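Asker: Turn this into a structure:
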Amino acid sequence: MSSSRRVPVVRLVLGALLAAVLATLTPTAAHAATSASPDSRSDVVSQSGARPGHVDADRANGDVTSSRVVHGRRAVTLELRFATLRASGSWHRHWFRLVTDEGVRRELAVTAAPGSWQGRAVLSGVDRRPEGCVLRSTITYGSGGTVRVVVPRACLSGPSWVRVSAGSVTASGSRVWADDARTTGRLYDAPVFGPRVHRG
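Answerer: Predicted coordinates:
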């Protein structure tokens with residue numbers, strides 16, 4: 001093959017490769033923006049009654065290891081991952097607080113207990129009144145357990161971006177163990193919000 005014929009072929013191959021790379025980098029309606037954050041292990045706070053809480057470094061159950069937000073075209077998916085999550089104790093409450101670019105604030109709680117370990121997800125406003133939204137939630141137990149909730153964007157007023165804080169509380173009798181997904185050894189009453197996650 002002459003050198004004059006090789007040049008167009010090389011250009012054609014390079015052009016196809018460049019187009020393939022750009023196609024993977026360019027977001028489309030099918031893509032979703034994602035934010036994932038790790039959380040320190042062995043930082044679950046134990047509290048009983050009015051006594052101050054303390055870090056229970058040996059507590060693996062309910063120890064959040066990461067949180068994830070996926071902001072898609074139709075829904076926002078929220079996820080917590082744990083070192084271990086066991087279907088045990090008196091009750092579990094996995095929570096997410098959301099704020100949007102429009103100032104919409106929502107609190108989402110997934111509550112599970114004996115006889116109902118798959119949990120029930122409820123989205124409420126700042127007035128604590130439940131929103132009339134159909135949520136899909138799943139809980140998987142065991143090592144590396146997860147809590148996952150899918151929230152329709154319409155329930156959040158169709159935001160351009162969301163910021164999320166999250167954590168988990170497990171209880172047995174009068175003792176509770178809490179882990180904020182974005183702090184180390186701090187209680188969940190002053191949650192830290194993650195970055196803005198724009199719609200993909």
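Asker: Gly200 contacts His71, doesn't it?
Answerer: Yes: with contacts counted by Cβ atoms under 8 Å, Gly200 reaches His71, the gap being 6.0 Å. Heads up, the C-betas are built off the backbone N, CA and C, glycines and all.
Asker: Packing partners of the helix or strand that contains Glu79?
Answerer: For Glu79, the host element (DSSP states H and E) is strand 75-82. Contacts defined by 3 or more Cβ pairs under 8 Å, 6 or more residues apart in numbering; DSSP states H and E place strand 75-82 against strand 64-71, strand 91-100, strand 146-152, strand 161-172.
Asker: Including mean neighbour count and distance to Val192, could those go into JSON lines?
Answerer: Listed next are these as JSON lines, based on neighbours: other Cβ atoms under 10 Å; distance: least, Cβ to Cβ, whole Å:
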{"stretch": "strand 64-71", "mean neighbour count": "21", "distance to Val192": "11"}
{"stretch": "strand 91-100", "mean neighbour count": "21", "distance to Val192": "10"}
{"stretch": "strand 146-152", "mean neighbour count": "20", "distance to Val192": "18"}
{"stretch": "strand 161-172", "mean neighbour count": "22", "distance to Val192": "6"}
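Asker: closest one to His54 among those strands?
Answerer: Between His54 and these, the shortest gap by Cβ to Cβ is with strand 161-172, which sits at 15.5 Å.
Asker: Centre of the chain to the closest one, how far?
Answerer: 8 Å (Cα atoms, centre = their mean, to the nearest Å).
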